[in-house]
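Asks: take this sequence and fold it.
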Amino acid sequence: MEDYRALLQRLDEWFARGRRDAPVPVPCCGGCTACCHGPFDISVADAELVRDAVRRLPAAERESVVARAKALLDRMRAVEPGWDAPYEVAAIGEDRFDQLSEALAGEPCPLLDDAGRCRIYADRPLVCRLIGLSMVTAAGRMIENACPILDHFPGYAGLPPVSFELEEFEEREMRCLLAAAERRFGDPERWSFETTIAATVAGRG
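Replies: Numbering: from 1, shown residues only. Purely as a prediction, here's the structure:
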């Protein structure tokens, strides 16, 4: 898991560089909750990271987070009654998961506190670190900025993509996914397992 944390640190460094070099303020930061709503998929390595971070929360915080996760999981089951533990995205398919996410798009992530701050910000999943700036890779791949309030800030939508060695990053990520799947399932071939934060925090994912 420490290898995965080190890998995610590289994304944080990429983002810090992009923010430093941007000619206009980049609003994406801890405390902004614009992209912290609705269920979204996280990898087996992210699920391990989230579980570990939640276990380290003070007892009262942990109980609050778990209660919120279970409540969100109940709402997810109301939309997808046949979906059950470990709430693998592949079990209902991408299309139905997208419909589920759209139906619950207004639901806050159970990891947010009452002030809207992520309780495990340092251990947030990979996808949470990709939003806020566009990325361009050495191979010319482009990942657009998925910030939902992109057009609310002058010049933000027009920022150029920030370069990142994503291909090499993905090779290292794969090794982390294989190791996490081995620890979680005893089977590295389940590296593609994806679930949600709510299922993970509730102890079901």
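Asks: drop to CA atoms for contacts and neighbour counts, all remaining ones
Replies: Will do.
Asks: helix, strand or coil for the residue of the chain positioned farthest from its centre?
Replies: Most distant from the centre of the chain: Pro23, at 27.0 Å, with distances by Cα atoms, centre = their mean. Applying DSSP: H, G, I helix; E, B strand; the rest coil to Pro23 yields a three-state assignment of coil.
Asks: which stretches of the protein form helices?
Replies: For the chain, the helices defined by DSSP state H occupy 2-21, 44-55, 59-79, 89-103, 126-130, 166-185, 197-201.
Asks: for Ala105, give me its contacts.
Replies: Neighbouring residues of Ala105 by Cα atoms under 8 Å, 6 or more residues apart in numbering: 37-39.
Asks: how about a cut-off of 6 Å?
Replies: Residues counted as contacts of Ala105 (Cα atoms under 6 Å, 6 or more residues apart in numbering) are 37-38.
Asks: excluding residues flanking it in the chain, which one is nearest Met1?
Replies: The shortest distance from Met1 to any non-neighbouring residue, by Cα to Cα, 6 or more residues apart in numbering, is to Leu49 (7.1 Å).
Asks: tell me how far the one you found lies from Leu177.
Replies: Noted for Leu49: a distance of 11 Å to Leu177, by Cα to Cα, to the nearest Å.
Asks: and Glu144, by the same measure?
Replies: In this view, Glu144 and Leu177 are 24 Å apart by Cα to Cα.
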